[in-house]
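Engineer: Here's a sequence, model it:
(one chain, ligands or ions: 1)
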Amino acid sequence: EASAGEKKRWTLSDFDIGKPLGRGKFGHVYLAREKRSNHIVALKVLFKSQLQQSQVEHQLRREVEIQSHLRHPNILRLYGYFYDQKRVYLILEYAAKGELYKELQKCKYFSERRAATYVASLARALIYCHGKHVIHRDIKPENLLIGAQGELKIADFGWSVHTFNRRRTMCGTLDYLPPEMVESVEHDASVDIWSLGVLCYEFLYGVPPFEAKEHSDTYRRIVQVDLKFPTKPIVSSAAKDLISQMLVKDSSQRLPLHKLLEHPWIVQNADPSGIYKA
Ligand SMILES: CC(=O)N[C@H]1CCN(c2c(Cl)cnc3[nH]c(-c4cn(C)nc4C)nc23)C1
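Structural biologist: Coordinates of the predicted model:
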């Protein structure tokens, strides 16, 4: 056993590999069990060749560096990593209830209580990250997992950065990007407030607020903050008020996350435990 100080050298032989859980862009994620402790984990296998081709090694190193130091109930743990000739392996926490976007597809949209409970737990996770000068920059349903008790876990810190070296690289789907990132100007932690507002809208309506057929239309709707609330499903004015305070073009005017936790819609609808009980 490695003492607390020194880092344990993991190898593939330390694990029994189970069923594939899903496929990321650079490889697969498998259910796995660490043999000595019988601890169940998710083993993300990435091919070095593909990482080199896409020049994302630095991004992966940053993802590992950032996520391995974050400890929060709503952030998926990264326990460690190892590599062999061809592959890099990330030892990740296993989220027993799977991917949030599948749950959202199944339900079409969430109740106000469920949406508020998730938004509040994500706000607490982001407050924790911002406190460590980490911005996630890629908050969207595909990067959220559900733990055994129904709690939300932010995964995939592939696009997160330490705020002192803010980068302007374009990333992921446009839907969640705030105006300053779409216009690729300087950005700060308030980008995550914008994305959380987009996510809250999608939890309640089942579609993101600036969705459009063409990329160029989504781009224009974002920079113009062309925010419209459909008449169906019926959503409380308190929820619309919160979303309207987050989706603000001027990033300095967005509702701060600690104020979000005091917003009437969150106070009246979010379960304090962060667990949505059907
Ligand atoms: C890009 C990427 O890593 N996407 C997903 C694939 C599985 N992965 C998981 C990761 Cl990284 C961690 N835990 C998971 N749990 C599951 C899962 C559980 N059920 C019942 N069904 C699934 C699926 N998947 C994961 C993240």
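
Engineer: Run through the strands of the stretch 101-250 of the chain in chain order.
Structural biologist: 134-135, 144-146, 152-154, 161-162 (DSSP state E, counting those that start in this stretch).

Engineer: quick one: contacts for the nearest residue to Pro230 once chain neighbours are set aside?
Structural biologist: Leaving out its chain neighbours, the residue that sits closest to Pro230 by C-beta to C-beta, 6 or more residues apart in numbering is Tyr205, at 5.9 Å. C-beta coordinates here come from the backbone N, C-alpha and C atoms, glycine included. Applying C-beta atoms under 8 Å, 6 or more residues apart in numbering, we find Tyr205 in contact with 109, 229-230, 233, 235.

Engineer: still on that earlier bit, and the strands of the stretch 101-250 of the chain, which one's lowest on average pLDDT?
Structural biologist: Of all these, the minimum mean pLDDT falls on strand 161-162 (a mean of 59).

Engineer: which of the contacts of Tyr205 count as buried?
Structural biologist: Buried subset of the contacts of Tyr205 (neighbour count, 16 or more other C-beta atoms under 10 Å): 109, 235.

Engineer: The ligand: which of the contacts of Tyr205 is nearest?
Structural biologist: Nearest to the ligand among the contacts of Tyr205, counting by C-beta to the nearest ligand atom, is Tyr109 at 21.0 Å.

Engineer: Show me what from the stretch 101-250 of the chain comes close to the ligand.
Structural biologist: 145, 155-156 (C-beta under 6 Å from any ligand atom).

Engineer: and stretch 30-40, average pLDDT?
Structural biologist: Averaged across stretch 30-40, the pLDDT comes to 98.

Engineer: in it, what counts as buried?
Structural biologist: 30, 32-34.

Engineer: ok, now which ones touch Leu257?
Structural biologist: Counting by C-beta under 8 Å, 6+ apart, Leu257 makes contact with 123, 126-127, 130, 192-193, 196.

Engineer: at 7 Å instead, please
Structural biologist: Residues counted as contacts of Leu257 (C-beta atoms under 7 Å, 6 or more residues apart in numbering) are 123, 126-127, 193.

Engineer: now swap in Pro20 and tell me
Structural biologist: 28, 30.

Engineer: what are the pairing partners of the helix or strand hosting it, and which direction each?
Structural biologist: In the assignment (DSSP states H and E), Pro20 maps to strand 15-24. Each strand paired with strand 15-24, and its direction, by DSSP bridges: strand 27-34 (antiparallel).

Engineer: now the partner strand, how far from the centre of its chain.
Structural biologist: 20 Å (C-alpha atoms, centre = their mean, to the nearest Å).

Engineer: which residues touch that strand?
Structural biologist: 14-22, 39-47, 94.

Engineer: Relative to Leu76, how far out is the residue lying closest to Asn74 once chain neighbours are set aside?
Structural biologist: Among residues not flanking Asn74 along the chain, Ala125 sits closest, at 3.9 Å (C-beta to C-beta, 6+ apart). Separation of Ala125 from Leu76 (C-beta to C-beta, to the nearest Å) stands at 10 Å.

Engineer: try Lys213
Structural biologist: Using C-beta to C-beta, Lys213 is found at 33 Å from Leu76.

Engineer: pLDDT at the residue nearest to Asn74, what is it?
Structural biologist: pLDDT at Ala125 comes out at 95.

Engineer: One more: the one 3 residues further on?
Structural biologist: The predicted local confidence for Tyr128 comes out at a pLDDT of 94.

Engineer: Kindly report the same for the one 4 residues further on.
Structural biologist: As summarised for this prediction, Lys132 has a pLDDT of 89.

Engineer: residues touching it, list them.
Structural biologist: By C-beta under 7 Å, 6+ apart, Lys132 has no neighbours at all.

Engineer: Helix, strand or coil: sort out the residue lying closest to Tyr94 once chain neighbours are set aside for me.
Structural biologist: Leaving out its chain neighbours, the residue that sits closest to Tyr94 by C-beta to C-beta, 6+ apart is Ala42, at 4.6 Å. Under DSSP: H, G, I helix; E, B strand; the rest coil, Ala42 falls in the strand class.
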